[in-house]
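Chemist: What would the 3D arrangement of this be:
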Amino acid sequence: MEEKRLIRKQIFAARKQCSDRQIDQWSRQVTENIIGLPEFTAARRIMAYADYNHEVITRYVIGEAWRAGKEVAVPKVVGKDMVFYRLTDFSQLEPGYFGIPEPVRGEITEWDDALMVMPGVAFDPENNRVGYGGGFYDRFLERHPDILRVAAAFDFQILEKVPTEPTDICPQIIVTQSKIYRKEDVL
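Modeler: Coordinates of the predicted model:
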């Protein structure tokens, strides 16, 4: 746990050093790589986090999904769990849990046949993930094991090795601005 705490501190400091312009440019490159995935093309439904505090900006992926006629859902924290709401317009989002944009209205989805664009603090080339420490994604994905998991990250978030726990549910694909890491052939 201490190692994860130090990794979070290191990555948060690195994110803070990035300019808004860098984050935007890199996010657009990550988006191009995500929408270029055959898994993205094949997906009818996209579940994506609403970015916050210099994470990979997801509104570009969401916009591309809408343009391609895909359904989109974003999470809202309810107690110790996450529920996903169908998103049809960015005006549905307002600051929620810890100031993170969350849907304030809309239809709750129960999708199992979707591609999820998930966040994380740090990853390694084996597709292990250090999250934010709340376990929200791990608990949600434990209940929805068929959802295809794609993590969006910047290159500096890929470390040589990150600590893991038995309850961690890792992404099958990690996409950065310059590389795609695949744990297995998922198509």
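Chemist: Which residue ranges of the protein form strands?
Modeler: 45-48, 71-78, 81-86, 93-95, 101-103, 108-109, 115-118, 122-123, 129-130, 148-152, 173-175, 180-182 (DSSP state E).
Chemist: now the ones you listed in JSON lines, with mean neighbour count?
Modeler: From N, CA and C alone the C-beta is placed, and that goes for glycine too. Listed next are the strands of the chain as JSON lines, based on neighbours: other C-beta atoms under 10 Å:
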{"stretch": "strand 45-48", "mean neighbour count": "25"}
{"stretch": "strand 71-78", "mean neighbour count": "20"}
{"stretch": "strand 81-86", "mean neighbour count": "19"}
{"stretch": "strand 93-95", "mean neighbour count": "14"}
{"stretch": "strand 101-103", "mean neighbour count": "22"}
{"stretch": "strand 108-109", "mean neighbour count": "15"}
{"stretch": "strand 115-118", "mean neighbour count": "26"}
{"stretch": "strand 122-123", "mean neighbour count": "22"}
{"stretch": "strand 129-130", "mean neighbour count": "24"}
{"stretch": "strand 148-152", "mean neighbour count": "25"}
{"stretch": "strand 173-175", "mean neighbour count": "26"}
{"stretch": "strand 180-182", "mean neighbour count": "15"}
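Chemist: Using JSON lines, lay out these together with mean pLDDT and distance to Thr164.
Modeler: Converted to JSON lines, those look like this (pLDDT from 0 to 100; distance: least, C-beta to C-beta, whole Å):
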{"stretch": "strand 45-48", "mean pLDDT": "98", "distance to Thr164": "23"}
{"stretch": "strand 71-78", "mean pLDDT": "95", "distance to Thr164": "22"}
{"stretch": "strand 81-86", "mean pLDDT": "95", "distance to Thr164": "21"}
{"stretch": "strand 93-95", "mean pLDDT": "94", "distance to Thr164": "31"}
{"stretch": "strand 101-103", "mean pLDDT": "93", "distance to Thr164": "28"}
{"stretch": "strand 108-109", "mean pLDDT": "94", "distance to Thr164": "29"}
{"stretch": "strand 115-118", "mean pLDDT": "98", "distance to Thr164": "16"}
{"stretch": "strand 122-123", "mean pLDDT": "97", "distance to Thr164": "11"}
{"stretch": "strand 129-130", "mean pLDDT": "96", "distance to Thr164": "8"}
{"stretch": "strand 148-152", "mean pLDDT": "98", "distance to Thr164": "14"}
{"stretch": "strand 173-175", "mean pLDDT": "98", "distance to Thr164": "14"}
{"stretch": "strand 180-182", "mean pLDDT": "96", "distance to Thr164": "15"}
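Chemist: Please identify which of the ones you listed is closest to Gln22.
Modeler: strand 148-152 (15.3 Å; C-beta to C-beta).
Chemist: List the beta-bridge partners for the residue positioned nearest the centre of the chain.
Modeler: What sits nearest the mean C-alpha location of the chain, by C-alpha atoms, centre = their mean, is Met118, with 1.9 Å. Beta-bridge partners recorded for Met118 (DSSP bridges): Ala151.
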